[in-house]
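Colleague: mind folding the following:
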Amino acid sequence: MKFNWRLILLHLLFWVLYLIVWGVRDMAYAPTFWDTVDGNLIGSLVFAFGVYFNMYILIPQLLLKKKRFAYSLSVLVMVVIIAFLSAQLYAVYYQNIHQGTSDFFASFGGVAATGGDFLVVYGLATCLYFINEWYIKERKLRELETQNLKAELDLLKGQINPHFIFNALNNVHVLIRKDPEEAQTTLEKFSELLSHQIYEVNKELVSLSGEVDNLSNFIELQKMRFEDHANITWQTRGDLNGQQIAPMLFLNFVENAFKYGGAPNEDPVSIDILLKTEDQLVTFSCVNSVYGTQTRDGKLGVGIANVRRRLEILYPGKHKLEIESGENTYSVNLEVNLNED
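Modeller: Numbers count the residues shown, from 1 in each chain. Sure thing, here's the model as predicted:
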């Protein structure tokens with residue numbers, strides 16, 4: 001049997017404090033504090049029986065099962081019994097010490113006084129019991145929420161990977177037919193992208209410079225596919241070194257720009273991407289051209305919804321995401337505060 005020593009020590013502390021508080025109170029009737037200990041120790045043994053009978057029998061079997069009337073009646077009977085029993089014990093204990101005190105506890109007034117004392121102890125113990133139960137439930141709830149969030153993040157990351165790989169492989173397939181040499185270069189870029197996916201995506205934090213390199217590789221790969229009908233601007237500003245950020249927060253927006261930025265009749269694709277840092281603030285913007293004949297793919301919508309959810313989980317109150325869809329442009333503006341405070 002495994003003992004919860006922390007709980008045992010807390011209970012002992014409660015009864016030690018009872019002896020101290022009641023001892024200080026009873027010093028008005030005793031020469032010294034130590035003269036009060038024996039009597040209060042007797043009382044604490046009787047009171048402890050009532051306290052633990054309430055905590056481990058009455059509350060679980062009656063109160064928590066919503067048998068409130070039965071619980072109230074049981075507490076009333078218990079208080080009467082505890083008051084009478086403890087008063088009689090005090091009367092016997094003080095008989096050879098102080099007859100007046102013994103007579104008091106043998107009277108109705110003594111029973112009422114001990115009953116009042118027990119009600120105070122009962123009330124405090126019951127409050128502490130429910131505070132402890134609340135704390136245990138809150139701790140378990142937080143642990144469960146943490147586990148659920150971790151599982152959800154793993155799922156969201158897992159949803160990003162197949163979508164990204166499908167698009168990249170489709171790019172390679174197109175280039176193999178058009179230019180084998182460019183296809184080889186593309187495969188090298190694709191290899192670097194996959195390496196980032198395999199080794200970085202499952203980390204909680206990655207270097208911001210690594211994320212920028214990954215975006216650069218993806219953009220270069222897309223430039224090969226669009227050839228000379230792409231007007232693409234990709235810039236970074238500020239110091240990227242030393243910054244840590246959650247992985248794969250920007251790639252879906254860039255994928256979105258390339259997939260929906262082109263037109264069926266090979267009109268030029270216009271995409272402007274900027275990532276800048278200032279202290280702990282990272283600002284990302286992506287603006288691309290759109291055409292009325294295009295429709296949004298549900299799969300891509302899932303990708304962006306996942307990024308939204310990840311931002312809510314990982315940077316609550318520390319990010320700002322604005323997405324605007326105009327007649328000819330689609331823009332994304334994202335701010336992420338990397339300050340851990």
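Colleague: check which helices and strands the host helix or strand of V21 sits against.
Modeller: Using DSSP states H and E, the secondary-structure element containing V21 is helix 5-26. For helix 5-26, the packing partners by 3 or more C-beta pairs under 8 Å, 6 or more residues apart in numbering; DSSP states H and E come out as helix 34-53, helix 108-178. Where C-beta positions appear, they are placed from N, C-alpha and C, glycine not excepted.
Colleague: let's see it at 6 Å
Modeller: helix 34-53 (3 or more C-beta pairs under 6 Å, 6 or more residues apart in numbering; DSSP states H and E).
Colleague: show me the shaky parts of the stretch 101-250 of the chain.
Modeller: Low-confidence segments of the stretch 101-250 of the chain, defined by pLDDT under 70, are located at 144, 147-165, 167-168, 171, 197, 201, 224-228.
Colleague: and if we set it to 50?
Modeller: Per-residue confidence of the stretch 101-250 of the chain (counting by pLDDT under 50) places the weak regions at 160-161.
Colleague: now the helix or strand where A87 lies: how far from the chain's centre is it?
Modeller: Under the criterion of DSSP H and E, A87 resides in helix 68-93. Once both centres are worked out by C-alpha atoms, centre = their mean, to the nearest Å, helix 68-93 turns out to sit 44 Å from its chain's centre.
Colleague: and the angle from the next helix or strand after that helix to helix 68-93?
Modeller: Stepping forward along the backbone from helix 68-93, the first helix or strand reached (DSSP H and E) is helix 99-106. Orientation note: helix 99-106 sits at an angle of 160 degrees relative to helix 68-93 (axes from the mean of the first three to the mean of the last three C-alpha atoms, to 10 degrees).
Colleague: which residues touch helix 99-106?
Modeller: With contact meaning C-beta atoms under 6 Å, 6 or more residues apart in numbering, helix 99-106 is reached by 87, 90-91, 94-95, 110.
Colleague: mind putting these into CSV with neighbour count and distance to Y330?
Modeller: Shown next, in CSV, are the contacts of helix 99-106 (neighbours: other C-beta atoms under 10 Å; distance: C-beta to C-beta, whole Å):
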residue, neighbour count, distance to Y330
A87, 25, 82
Y90, 24, 83
A91, 18, 88
Y94, 19, 88
Q95, 14, 93
G110, 22, 84
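Colleague: quick one on the thing from earlier: list the helices and strands the helix holding A87 packs on?
Modeller: Of the remaining helices and strands, those touching helix 68-93 by 3+ C-beta pairs under 6 Å, 6+ apart are helix 34-53, helix 99-106, helix 108-178.
Colleague: just want the angle from it to helix 34-53.
Modeller: Per the same axes, to 10 degrees, the angle that helix 68-93 makes with helix 34-53 is 150 degrees.
Colleague: mind listing what's buried along helix 68-93?
Modeller: For helix 68-93, the neighbour count (16 or more other C-beta atoms under 10 Å) marks 71, 74-75, 78-79, 82-83, 85-91, 93 as buried.
Colleague: and which of those residues is nearest to N170?
Modeller: Comparing the buried residues of helix 68-93 against N170 with C-beta to C-beta places Y71 closest, at 67.9 Å.
Colleague: check contacts around that closest one.
Modeller: If you count contacts by C-beta under 6 Å, 6+ apart, Y71 has them with 58, 62-63.
Colleague: need those in JSON lines (columns: pLDDT).
Modeller: Formatted as JSON lines, those follow (pLDDT from 0 to 100):
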{"residue": "L58", "pLDDT": "91"}
{"residue": "L62", "pLDDT": "91"}
{"residue": "L63", "pLDDT": "89"}
